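[1] take this sequence and fold it.
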Amino acid sequence: MTTESQSPQTATDNRPNLDRARGQDFRQAGPESVPAPHAALKSAGHVIVDSLAAHGVERTYVVPGESFLDVLDGLHSSDIETIVCRHEGGAAYMAEADGKMNQRPGVAMVTRGPGAANAHVGLHTAWQDSTPMLLFVGLIPFAHRDREAFQEFDIKAWFDTGAKRVMVLDHAERASEIVAEAMFAAMSGRPGPVVVGLPEDILRDLIDPTLHPPIPVAAGGMSSNDAEALKAALAVSNKPLFVTGGNDWTQSAADQLTAWLERHQIPAAAEWRTQGTVSFDSPSYVGPIGYGRPRPTYDLLEETDLLVFVGTVPGDVITDGFVCRQDWSKKNFLVTIDPSLRGRSGPVSRQILAKPEAFVRDLAGIDVQVKEEWKAWTGRMRAEQESFAALPSPVPAPGPARMDTLMAHLVPKLPEDALVTFGAGEHTNWAHRYFPTRRYASMVSARNGSMGYSIPSAVAASLAEPRRRVVTVAGDGEFLMNGQELATAAQYGATPLVIVMDNQEYGTIRTHQERHYPERVSGTQLKNPHFGMMATAFGGFGITVTEDKDIPAALDAALAAIEEDGVFALIHLVVEQRVKAYQATA
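    Numbering: from 1, shown residues only. Purely as a prediction, here's the structure:
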C-alpha cells in the first residue's frame, strides 16, 4: 500500500460545467436505472460508479489512494461492495479471479505510480490467461502532467503492451462512455485486461449523469460451411480429441458440450489449470494437459488424428515449448473468437470464429455415427485418467505429514460443487491430480505461472460463491507473497480452506536446478514462520501438522471452524522435501 501527499486543487474543481454535459439520451434500460437527460449534475467519479453498477459489477477490489477519492465517495452510496485489500497485487489478483468466474470483467482500483506498479502482476495474469478485467488507476491532476509531479508515470508507456486498451479520462463528460468502452474491450474478441486512468481533478467535474448503455459483444458461431467441414473431419477420424480451455464459458455451454461428447463417445482433455469444463466424473473426460504432462495425456496431442480446441489455442504450454504437434499435415480445428489466433503454435486446418457458447449451440446440430474406434480410444484414455486420479490410501503413514494423506481425507468430504484455487509451484499438482472439478469455474488458477495468486483468488472465489466450499492449495514460498490478504478474508467474511504445503523451498525451481545443475542447490531454500499462528493472528482458524497421523483430526477441526464458526481455516502442513504428486513423463 502506498501513501500520498495532499495535492492542490485546480481552479476548476467542483465547478458545474454545462458545456461538458452531453444532453443526449442514450437510454436502453428503464427510468430507474438510467437518469433522464438534464437531471441534477453528478461528478464524473460518481458517474463511473453508476456505470459499473449498470454493467452488473457486484464488487470492486481496492487499495485506496487520494488520486481517486471521488470514485471512493461514489462507492459509499452504491450497491457495489468495496473490498479493501492489503496490497495492490492482491487486489489485482482478486479482480482477475473474479473475471474468471463471471461473464463480465473483474474490477480493481489502485492509485498512481507505486500502486499501479504493484498491480501489474495481476494485469499480466489477465493478459496471458485471457481474463476480462478492468484496472482503474488514479492519476495526478491533469494540470500537473509532464512536470514530474508526485508519483507521476506514463500510464500508456507502462501498460500498452500488456493490456487490450489503455484509456485516460481526460474529458469528464466521457466518464460513462469510457466505462462502456472498457467493458466492451475487455469482453470482446479474446478477453483480456483494460486499464483506465483517472486524473483526480477530472473526476470532480460535474456532468450530466445519463449513462451510456452496455455495448453488445459478438459471440460468433459456426457457419454451415464450418459445420460441414467439422462433420467431414469427424467422419474420417478414428481418434478425435477435444481440448477445452479459456475463461469464456458458461455452465450451460459446458453441460451441452459434455452431453454431446458423451453421446458420441469422444474424449476431451482440459487445458492446463482449467479443469472442470467437462466434469471430472464424465466418461469423456481424459485429464489435464500441460506442463509436466502426467499420464493419461502425455502422448495425446501426437496420437490424435483430429484435434478440436474450444475456447483456447495450442500455445507454448500445451505444445511443450512449441515442440509437440508441429507437423503441418496434422488436423487442428481451432474454435476461438480471436481472429488473430494470438499465441497459436502448429497447424491450422480450420478456424471457427466463435465463443464457446455459440460453438456448442451449433455443435448440438451435428450428429455423426459413433465409431467403434471412438469407443475404444475414449475408453482407454478414460481408464488411464481414472487410474491416475484414484485417491491414495487414507491410512496415515509413520513419520512426516504427507499431501497424499491430506487429499485422501479431503476429497471424500467435498461437496459436488467444490472449487479449488492455486498459484504456481509443485504443490499445485496434487490439485491437478485429485481435486474433483465437476463444473465450470471449479479450478481458478494462474496459467501464466504467477506466484502469490492462491490466497487472493480464494478470497475472491469465496466472496463470489459464498455457498460453495472453496479450497486453496498454497506453497510456502507462494503463500508469503500475498498471505496478508487473509486479513481481507476475515474483514469480509470469506471462508476458504487454506492448505499451505511447507517444504521449505521453491520446489519447482529446485526441480529444474536438479535437472540442469545436479547437487548444486542455490537460491531455492527457505526458512518459514509458523503459518498456523499467522492464520490465528489474522482472525481465522490455524493449525500446524508435522506428523501424518495428525492429518485427519486437523482436517476435521478446520472444516468445523468454517462451518460452525464462519471463519477461514488454514492447515499448515510441514512435509518432506522432494516429495511430488507424480513423476512427470515429459
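[2] how near is residue 260 to residue 436?
    Residue 260 is 22 Å from residue 436, where distance means C-beta to C-beta, to the nearest Å. For every residue, glycine as well, the C-beta is placed using N, CA and C.
[3] oh, I was asking about residue 309
    The value you get for residue 309 to residue 436, if C-beta to C-beta is used, is 24 Å.
[4] the more surrounded of the two?
    A count of neighbours by other C-beta atoms under 10 Å puts residue 309 above the other of residue 309 and residue 436, at 25 against 19.
[5] give me every residue that touches residue 420.
    Shown in contact with residue 420 (C-beta atoms under 8 Å, 6 or more residues apart in numbering): 431, 435, 437, 442-444, 470-473.
[6] the bottom helix or strand of this protein by mean pLDDT?
    helix 507-516 (a mean of 74; mean pLDDT, DSSP states H and E).
[7] would you mark the buried spots in the helix or strand just after that one?
    Next helix or strand after helix 507-516 toward the C-terminus (DSSP states H and E): helix 531-538. Under the neighbour-count criterion of 16 or more other C-beta atoms under 10 Å, helix 531-538 has 531-532, 534-535, 538 buried.
[8] one step back: tell me what the least confident helix or strand of the chain is packed against?
    Packed against helix 507-516, as judged by 3 or more C-beta pairs under 8 Å, 6 or more residues apart in numbering; DSSP states H and E, are no other helices or strands.
[9] go again using 10 Å as the cut-off
    For helix 507-516, the packing partners by 3 or more C-beta pairs under 10 Å, 6 or more residues apart in numbering; DSSP states H and E come out as helix 428-434, helix 476-482.
[10] so what does the first one touch, helix or strand wise?
    So the one you mean is helix 428-434. strand 285-289, helix 372-389, helix 403-410, strand 419-422, strand 443-445, strand 470-475, strand 497-502, helix 507-516.
[11] change it to 8 Å
    If you count contacts as 3+ C-beta pairs under 8 Å, 6+ apart, helix 428-434 packs onto helix 372-389, helix 403-410, strand 419-422, strand 470-475.
[12] with the last one instead?
    Packing contacts for helix 476-482, counted by 3+ C-beta pairs under 8 Å, 6+ apart, involve helix 88-101, helix 454-464, strand 497-502.
[13] please identify the most buried of the helices and strands packed on helix 428-434.
    strand 419-422 (a mean of 30; mean count of other C-beta atoms under 10 Å).
[14] for that one, which strands pair with it and how are they oriented?
    Next to strand 419-422 in the sheet, as set by DSSP bridges, lie strand 443-445 (parallel), strand 470-475 (parallel).
[15] including distance to residue 212 and mean pLDDT, could those go into CSV?
    Formatted as CSV, the strands paired with strand 419-422 follow (distance: least, C-beta to C-beta, whole Å; pLDDT from 0 to 100):
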stretch, distance to residue 212, mean pLDDT
strand 443-445, 31, 95
strand 470-475, 35, 96
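[16] dump these to TSV, plus distance to residue 378.
    Below are the strands paired with strand 419-422 laid out as TSV (distance: least, C-beta to C-beta, whole Å):
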stretch	distance to residue 378
strand 443-445	22
strand 470-475	29
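[17] for the stretch 51-200 of the chain, which segments count as helices?
    Ranges of helices in the stretch 51-200 of the chain, per DSSP state H, counting those that start in this stretch, are 69-76, 88-101, 114-129, 155-159, 175-187.
[18] mind checking how far the shortest one is from the chain centre?
    It refers to helix 155-159. Computed by C-alpha atoms, centre = their mean, to the nearest Å, the chain-centroid distance of helix 155-159 equals 23 Å.
[19] in it, what counts as buried?
    Within helix 155-159, the residues scored as buried using 16+ other C-beta under 10 Å are 155, 158-159.
[20] surely residue 561 is within a strand?
    No - going by DSSP: H, G, I helix; E, B strand; the rest coil, the assignment for residue 561 is helix, not a strand.
[21] find the nearest non-adjacent residue to it, please.
    Spatially, and ignoring its direct neighbours in sequence, residue 561 is nearest to residue 541 (3.5 Å; C-beta to C-beta, 6 or more residues apart in numbering).
[22] tell me the contacts of that neighbour?
    Applying C-beta under 8 Å, 6+ apart, we find residue 541 in contact with 535, 557-558, 561-562, 565, 567-570.
[23] so which of the residues you listed comes closest to residue 274?
    Checking the contacts of residue 541 against residue 274 by C-beta to C-beta gives residue 568 as the nearest, at 25.1 Å.
[24] from what I see, the closest one and residue 492 are in contact.
    No - counting by C-beta atoms under 8 Å, residue 568 does not reach residue 492; the two are 10.6 Å apart.
[25] neighbour count for those two, which is higher?
    Shown here are residue 568 and residue 492; by other C-beta under 10 Å, residue 568 has more neighbours (29 against 16).
[26] list the contacts for the more buried one?
    When contacts are counted by C-beta under 8 Å, 6+ apart, residue 568 touches 462, 486, 489-490, 494-498, 535, 540-541, 562.
[27] change it to 7 Å
    486, 489-490, 494-496, 498, 540 (C-beta atoms under 7 Å, 6 or more residues apart in numbering).
[28] sorry, back to before: buried among the contacts of residue 541? Need that as a selection in PyMOL.
    Selection of buried members from the contacts of residue 541 for PyMOL, criterion 16+ other C-beta under 10 Å:
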select buried, resi 535+558+561+562+567+568+569+570
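[29] want to throw the contacts of residue 541 into CSV with pLDDT?
    Shown next, in CSV, are the contacts of residue 541 (pLDDT from 0 to 100):
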residue, pLDDT
535, 97
557, 98
558, 98
561, 98
562, 98
565, 97
567, 98
568, 98
569, 98
570, 98
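[30] keep only those of the contacts of residue 541 that are in strands.
    Judged by DSSP state E, strands contain the following of those: 569-570.
[31] quick one: the host helix or strand of residue 358 to chain centroid distance?
    Assigned by DSSP H and E, residue 358 falls within helix 356-363. Helix 356-363 sits 22 Å away from the centroid of its parent chain (C-alpha atoms, centre = their mean).
[32] for it, what is the average pLDDT?
    The average pLDDT within helix 356-363 is 97.
[33] please name the residues that touch residue 212.
    Residue 212 is in contact with 26, 51, 176-177, 180, counting by C-beta under 7 Å, 6+ apart.
[34] quick one, which of the residues you listed are buried?
    51, 176-177, 180.
[35] please tell me how far residue 491 sits from residue 568.
    Using C-beta to C-beta, we find residue 491 at a distance of 11 Å from residue 568.
[36] do the same with residue 209
    39 Å.
[37] same check, this time on residue 561
    8 Å.
[38] confidence score at residue 217?
    pLDDT for residue 217: 97.
[39] check the burial of residue 206 by counting its neighbours.
    Using other C-beta under 10 Å, residue 206 has 21 other residues around it.
[40] kindly report the same for the one 5 residues further on.
    By the measure other C-beta under 10 Å, the count of residues near residue 211 is 24.
[41] go on, residue 523?
    Around residue 523 there are 8 other residues, counting by other C-beta under 10 Å.
[42] where do the strands of the stretch 251-400 of the chain begin and end?
    268-271, 285-289, 306-310, 332-335, 350-352 (DSSP state E, counting those that start in this stretch).
[43] redo these as CSV? Include mean pLDDT and distance to residue 71.
    As requested, these are arranged in CSV below (pLDDT from 0 to 100; distance: least, C-beta to C-beta, whole Å):
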stretch, mean pLDDT, distance to residue 71
strand 268-271, 95, 36
strand 285-289, 92, 40
strand 306-310, 97, 38
strand 332-335, 98, 38
strand 350-352, 97, 40
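[44] the ones you listed into TSV, with extra columns for distance to residue 477?
    Below are the strands of the stretch 251-400 of the chain laid out as TSV (distance: least, C-beta to C-beta, whole Å):
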stretch	distance to residue 477
strand 268-271	25
strand 285-289	23
strand 306-310	33
strand 332-335	36
strand 350-352	40
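[45] separation between the spatially closest residue to residue 312 that is not a sequence neighbour and residue 515?
    Leaving aside its sequence neighbours, residue 312 sits nearest to residue 245 (C-beta to C-beta, 6+ apart; 3.0 Å). For residue 245, the distance to residue 515 equals 27 Å [C-beta to C-beta].
[46] so, low pLDDT: which residues of the stretch 251-400 of the chain?
    Applying pLDDT under 70 to the stretch 251-400 of the chain flags the ranges 292-298.
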